[in-house]
Structures are given as structure tokens and as C-alpha cells.
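# What shape does this take:
(one chain, ligands or ions: 1)
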Amino acid sequence: MIQCLCDHCGKQMSRGEARYEMRVEVRLADTSHALREDDFTPRNLSAVTRLLGSLPGDEPAPVEPPGHHAVFDLCPSCCRRWRRNPMGVRSASADPRWG
Ligand SMILES: [Zn+2]
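Residues are numbered from 1 along each chain as shown. The predicted structure follows:
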């Protein structure tokens, strides 16, 4: 009886067969150039004024949602390949099916 499919290669995995659950979380990283409360001092006032004046007027900032979560089922073979190359970077030795 097939329980699930590998989300990468499509291998059918039966009940009791080893499989891996990959949880992916992408979050907006803390940016060092974001304004903080201690930036708003009289000494920095002109620099902050110039920065705020350079921002687009009424247009919303083009930002991605602050976070994203996803869960994937992987067969042992795909899990092993992911551990070796989690970003799917292609190289001469990389598996062409991953990436
Ligand atoms: Zn697989």
C-alpha cells in the first residue's frame, strides 16, 4: 500500500518504509541598514531626513512576505542528496536531477 510520494523524485513510499520530512522556513532577516530608534538623534537628523526623502512617495515598498513555511516528504536517496547540496547548486559533481 502506497503511503506517499517523494516530493522531489516521485518515488512511491509504502507504509513502514523510511522517509524524511523536510520542513523549510524562510524568514525576513534582520537588516543592518534598517532604521532603529537610536538613529533618530539630533546628530543624525539631517542624514535621516535625506534618507527618508529619498524613499518613493506613495508606492508600497516591494517586499516579500515576512515568512514562509513548507513541508516536503523525501525518500532516503533524495534526503541524502539534499544534505550534500541543500541549495541545489550545480557543479560538475552534482546530481543533475537535483537543482
Ligand atoms: Zn526522492
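# Please name the bridge partners of Leu74.
Using DSSP bridges, the bridge partners assigned to Leu74 are Tyr20.
# Based on its surroundings, how many neighbours for it?
Neighbouring residues of Leu74 were enumerated by other Cβ atoms under 10 Å; the total is 21. For glycine as for every other residue, the C-beta is placed from the backbone atoms N, C-alpha and C.
# so who does it touch?
Leu74 makes contact with Cys6, Asp7, His8, Arg19, Tyr20, Glu21, Met22, Trp82 under the criterion Cβ atoms under 8 Å, 6 or more residues apart in numbering.
# Quickly find the element holding Met13.
strand 12-14 (DSSP states H and E).
# Let me know the average pLDDT across that strand.
Regarding strand 12-14, the rounded mean pLDDT is 94.
# just checking, what packs against it?
Secondary-structure packing of strand 12-14 (3 or more Cβ pairs under 8 Å, 6 or more residues apart in numbering; DSSP states H and E): strand 2-5.
# mind listing the strands for the chain?
Remark: strands assigned in the chain by DSSP state E are 2-5, 12-14, 20-27, 67-74.
# what does the first one contact?
Residues outside strand 2-5 that contact it (Cβ under 8 Å, 6+ apart) are Lys11, Gln12, Met13, Ser14, Arg15, Glu17, Arg19, Asp73.
# Which pair of those spans the longest distance?
Distances among the contacts of strand 2-5 were taken as Cβ to Cβ; the most separated pair is Lys11 and Arg15, at 14.3 Å.
# Looking at these two, which one has more neighbours?
For Lys11 versus Arg15, the count of surrounding residues by other Cβ under 10 Å is larger for Lys11: 17 against 8.
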